[in-house]
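S.K.: Got a predicted structure plus its sequence, pasted below:
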Number of protein chains: 2
Amino acid sequence: MEQKLIKEWLGKNKGNAVKLLRKLIQERSIQGRESSAQAVVVEACRELGLEIDIWEPDIKEISAHENFVSTRDNFEDSPNVVAIWRGTGGGHSIILNGHIDVVPEGDMLQWDCDPYEGKVQDGKVYGRGSTDMKGGNVSLLLAINALKSIGVKLKGDVIFQSVIEEESGGAGTLAAILRGYSADAVLIPEPTNMKIFPKQQGSMWFRLKVKGKSAHGGTRYEGVSALEKSVVVMDKIKELETLRNNRVNDPLYKGIPIPLPINLGKIEGGNWPSSVPDLVVLEGRIGVGPEETLEDVKQELAASLRSLKEVDTWFETHPVELEWFGAQWVPGTVEVTHPFVKVIDHAYKEVVGKSAIVEASPWGTDGGLFTQLCNIPTVVFGPGTTEVAHYPNEYISIDQMMNAAEVIALVLMDWCGISEEA
Amino acid sequence: MEQKLIKEWLGKNKGNAVKLLRKLIQERSIQGRESSAQAVVVEACRELGLEIDIWEPDIKEISAHENFVSTRDNFEDSPNVVAIWRGTGGGHSIILNGHIDVVPEGDMLQWDCDPYEGKVQDGKVYGRGSTDMKGGNVSLLLAINALKSIGVKLKGDVIFQSVIEEESGGAGTLAAILRGYSADAVLIPEPTNMKIFPKQQGSMWFRLKVKGKSAHGGTRYEGVSALEKSVVVMDKIKELETLRNNRVNDPLYKGIPIPLPINLGKIEGGNWPSSVPDLVVLEGRIGVGPEETLEDVKQELAASLRSLKEVDTWFETHPVELEWFGAQWVPGTVEVTHPFVKVIDHAYKEVVGKSAIVEASPWGTDGGLFTQLCNIPTVVFGPGTTEVAHYPNEYISIDQMMNAAEVIALVLMDWCGISEEA
């Protein structure tokens, strides 16, 4: 009964949904510039009649927390937004969490359109953040809107969170947790392509300093190229990645080419074409398995780098320096048999007509913070595909975004319970 | 007779020589900041009673020349200095050419002393530019000073040149040539460790843009790492270097591990630890054999990069972009049997007691411009060792600098001829 009304309402409001998503994309909410996109979110929440809480996290307060990581020293102009749809009581509460920050657009030449225009074409909306994860955020707001519009009241509280800093380590969600927000379950609509991710990979950023010995390029054999040594380091990192992934036997990772990737994302070295470079700095990201601890992985990478001296004696006297910096996402896991997973699976089946694929996520989300710090069962499920996240020409399928909204609306009714109050 | 007086005079003036060298080192004459070091040179030339010409090269005038290369768009505050010791007539003239610019000091942490203090220890003077090539410049000024001090007059003109921009492609020497300075021979006291280099390697700078495809680091297998592709490019460059050096059979290159090196001096790529880098930029220097043309070498590198597609089909659709930029040194060569080479060899034997080693230079100098543009026989011979040029803790042996001065004084007498005028 309600599902039919929800579907109808969503069908009629597709245009409004696209309009909201485009407005969100048009605000370039890279790290430190999230406030104008949050203003769009606040306006949408106000129209829904939700209780709104807007605050800039206090760096002094949250930086003391062991899970605090951020490259920032204040959160001025970077507010978090939480909007509550208060239930009538007696049901399960739920947090619907999405991040508002996006990664930079990268090489503009590889974009076929303006990354911040929100171009609509062939049933897709294009732009930075469309899939990661403004589309998912729109699904959340649509689900609430649909239920309210058809007159459903829920027993449990629905706590919608639009957070900053997810792409840089989760300080936004950490701030929301420290502000006291909690619930019986968390749903995060990151782009899983409508798969259910009960396990989420954690990850950490690291920096490697590879040393060489400078010399004139014309007698380069008298120096030691930090760039050539970096290739040896890269081989070692690849070897460690293989070793770590060979250990993964969780069926949820079946079909994922590299469950726990180590990505080298940035390199910089040398300062003169005619000189042998004496320093190369590499920055990367290492995936942390759902059952691993950050500390274990830190130690494993350090040990791997120490073993470089067995490959090349240069590293005996010039060990690679390892530094952990910037972002960090703790892994998260909830049992596949948990009732909340079942609720999502059931709702998916109602909407799509078949069972959802259940997998482990190939990347970190803020979900780890909820499971590890608050012990709240957290599932990642949302529209959009990881293949286009962080890419040029990022897009989201409008139909998938609408389907996700429908699934989430059913999840809310099932999990929070429908109130019979007038 | 004169040699004995020269030796005596140099013995007495070692302290003054070190003082002059330290003053030159203390002026940090990196590209664009040469004027204060040139002021020290001018003062020394004035004391010697030479005819002095100081001018800032006119970029409009010289930039039209096909051999002009520079990263600069004007030469304000970067004067060239030429100082002439006019001969009495009838002898060979000579240009004594040295550059005043130095490469940057690089990683300060690798220096055991201030690179611009001019520390004196154990018979050596330390500092950026000590060996490359302020020490050689001091040898030139000492040779002139010694001859004048003991009352020698020469028949041929001695044209001392203290030029800018050698480290960035020779615009200073080019400007001196275009101003009309010419002679019957050129001696450049770059740090050959007292070897005679009748052949000089040329070199050019190049920039490579290696492309990838961006992706989220957690699903890095969906992207193509420009950094991993750069390793393939580096292998290809190494292969080309081997190929080019296997062709070198000039006996003057005997004993040099890599006669024509290709050096990759700078790398930069990617912009986010959690993203697969889609662009890596490499900058390097390729050596050009004394008998090669710049154009031949340009084409050979381009062809080598084109052949990458046979190694990896990625390069078929994403060819590496090659750009020639910045510095460029034309190679130079003079026959080993040329009388000027014999004169230097003879003088060396007089001073050191044995024959000099004759080799081809492993790096480019401004000498190529003199041989190729003006057809002037040019030999590189000077104090200091290439092993420390462009390095941290660069130094020069004071005794070697004094010996070089003695050899050069004898060369001047032999080549230019001693005047019998009163």
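M.R.: That came in fine, so what should we check first?
S.K.: Relative to residue B:204, how far out is residue A:361?
M.R.: For residue A:361, the distance to residue B:204 equals 49 Å [CB to CB, to the nearest Å]. Using the backbone N, CA and C atoms, a C-beta is placed for each residue, glycine as well.
S.K.: what does residue A:26 give?
M.R.: Counting by CB to CB - residue A:26 and residue B:204 are separated by 46 Å.
S.K.: Between those two, point out the one with more neighbours.
M.R.: Of the pair residue A:26 and residue B:204, residue B:204 is the one with more neighbours under other CB atoms under 10 Å in any protein chain shown, namely 24 against 16.
S.K.: Wait, a strand at that one?
M.R.: Yes - judged by DSSP: H, G, I helix; E, B strand; the rest coil, residue B:204 forms part of a strand.
S.K.: Quick check: residues of the stretch 101-250 of chain A near chain B?
M.R.: A:103-104, A:106-107, A:110, A:132, A:167, A:201, A:203, A:205-206, A:214-223, A:225, A:227-228, A:231, A:234 (CB under 8 Å from any CB of the partner chain).
S.K.: Which PyMOL command selects the buried ones in these?
M.R.: Restricted to buried positions by 16 or more other CB atoms under 10 Å in any protein chain shown, the PyMOL selection for these reads:
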select buried, chain A and resi 103+106+132+167+201+203+205+206+214+215+216+217+218+219+220+222+223+225+227+228+231+234
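S.K.: Looking at the residues of the stretch 101-250 of chain A next to chain B, which are in helices?
M.R.: Applying DSSP state H to these, the entries found in helices are A:227, A:228, A:231, A:234.
S.K.: where exactly do the helices run in the stretch 201-350 of chain A?
M.R.: For the stretch 201-350 of chain A, the helices defined by DSSP state H, counting those that start in this stretch cover A:226-246, A:294-306, A:308-311, A:314-317, A:339-352.
S.K.: Kindly reformat these as a markdown table containing mean pLDDT.
M.R.: Output for the helices of the stretch 201-350 of chain A, formatted as a markdown table (pLDDT from 0 to 100):
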| stretch | mean pLDDT |
| --- | --- |
| helix A:226-246 | 98 |
| helix A:294-306 | 97 |
| helix A:308-311 | 97 |
| helix A:314-317 | 98 |
| helix A:339-352 | 97 |
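S.K.: which one of those helices lies closest to residue B:391?
M.R.: For these, the distance to residue B:391 is smallest for helix A:226-246, at 14.0 Å, taking CB to CB.
S.K.: Residue A:260 contacts residue A:290, correct?
M.R.: No - contact criterion CB atoms under 8 Å: residue A:260 and residue A:290 do not qualify, at 9.7 Å.
S.K.: where does chain A dip in pLDDT?
M.R.: Residue ranges of chain A with pLDDT under 70: A:422.
S.K.: Tell me how it divides into domains.
M.R.: Domains of chain A are assigned by automatic domain parsing as A:2-200+A:331-416, A:202-329.
S.K.: tally of neighbours for the closest residue to residue A:128 other than its chain neighbours?
M.R.: Using CB to CB, 6 or more residues apart in numbering or on different chains and skipping the chain neighbours, the partner closest in space to residue A:128 is residue A:115 (4.2 Å). As a burial measure, residue A:115 scores 23 neighbours (other CB under 10 Å).
S.K.: show me what contacts the nearest residue to residue A:287 once chain neighbours are set aside?
M.R.: Distances taken as CB to CB, 6+ apart put residue A:260 closest to residue A:287, at 3.9 Å, once the chain neighbours are dropped. The contact partners of residue A:260, by CB atoms under 8 Å, 6 or more residues apart in numbering or on different chains, come to A:201, A:241, A:244, A:245, A:248, A:286, A:287, A:288, A:289.
S.K.: All the strands of the stretch 151-300 of chain A, residue numbers only.
M.R.: Using DSSP state E, counting those that start in this stretch, the strands of the stretch 151-300 of chain A run over A:158-163, A:186-188, A:196-200, A:202-211, A:262-269, A:279-288.
S.K.: Adding distance to residue B:95 as columns, could you present these in JSON lines?
M.R.: Converted to JSON lines, these look like this (distance: least, CB to CB, whole Å):
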{"stretch": "strand A:158-163", "distance to residue B:95": "70"}
{"stretch": "strand A:186-188", "distance to residue B:95": "74"}
{"stretch": "strand A:196-200", "distance to residue B:95": "72"}
{"stretch": "strand A:202-211", "distance to residue B:95": "41"}
{"stretch": "strand A:262-269", "distance to residue B:95": "39"}
{"stretch": "strand A:279-288", "distance to residue B:95": "39"}
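S.K.: Buried deepest among those strands, which one?
M.R.: Mean neighbours per residue, mean count of other CB atoms under 10 Å in any protein chain shown, is largest over those for strand A:186-188, with a mean of 28.
S.K.: What strands flank it, and is each parallel or antiparallel?
M.R.: The pairing partners recorded for strand A:186-188 under DSSP bridges are strand A:94-99 (parallel), strand A:378-380 (parallel).
S.K.: Beyond the first one, next helix or strand please.
M.R.: The helix or strand immediately downstream of strand A:94-99 is strand A:120-121, counting by DSSP states H and E.
S.K.: Tell me the gap between that next one and the middle of its chain.
M.R.: 25 Å (CA atoms, centre = their mean, to the nearest Å).
S.K.: in its sheet, what does it sit against?
M.R.: strand A:124-126 (antiparallel).
S.K.: any residues touching the strand it pairs with, and which ones?
M.R.: Contacts for strand A:124-126 (CB under 8 Å, 6+ apart): A:18, A:21-22, A:25, A:113, A:115, A:117-120, A:135, A:393-398.
S.K.: can you rerun that using 10 Å?
M.R.: Applying CB atoms under 10 Å, 6 or more residues apart in numbering or on different chains, the contact partners of strand A:124-126 are A:17-18, A:21-22, A:24-25, A:111-115, A:117-120, A:130-131, A:134-135, A:138, A:388, A:392-401.
S.K.: now those residues: which count as buried?
M.R.: A:17-18, A:21-22, A:24-25, A:111, A:115, A:118-120, A:130-131, A:134-135, A:138, A:388, A:392-398, A:400-401.
S.K.: from those, which ones fall inside helices?
M.R.: Checking the buried ones among the contacts of strand A:124-126 against DSSP H, those in helices are A:17, A:18, A:21, A:22, A:24, A:25, A:135, A:138, A:398, A:400, A:401.
S.K.: which of those residues lies closest to residue A:306?
M.R.: Checking those one by one against residue A:306 (CB to CB), the nearest turns out to be residue A:135, at 43.5 Å.
S.K.: List the contacts of the nearest residue to that closest one once chain neighbours are set aside.
M.R.: Of all residues not flanking residue A:135 in the chain, residue A:396 sits nearest, at 3.8 Å (CB to CB, 6+ apart). Contacts for residue A:396 (CB under 10 Å, 6+ apart) come out as A:21, A:25, A:123-127, A:129-136, A:138-139, A:191, A:382-385, A:388-389, A:404.
S.K.: burial of residue A:151, as a residue count?
M.R.: Residue A:151: 8 neighbours (other CB under 10 Å).
S.K.: does it really touch residue A:2, like I thought?
M.R.: Yes - counting by CB atoms under 10 Å, residue A:2 is a contact partner of residue A:151 at 9.2 Å.
S.K.: and residue A:373, how far is that from chain B?
M.R.: As judged by CB to the nearest CB, to the nearest Å, residue A:373 and chain B stand 21 Å apart.
S.K.: tell me the SS of the residue in the stretch 301-422 of chain A positioned nearest to chain B?
M.R.: Closest contact between the stretch 301-422 of chain A and chain B, by CB to the nearest CB, is at residue A:363 (2.9 Å). Assigned with three-state DSSP, residue A:363 falls in the coil class.
S.K.: wait, it sits on residue A:329?
M.R.: Yes - applying CB under 10 Å, one finds residue A:363 in contact with residue A:329, separated by 8.0 Å.
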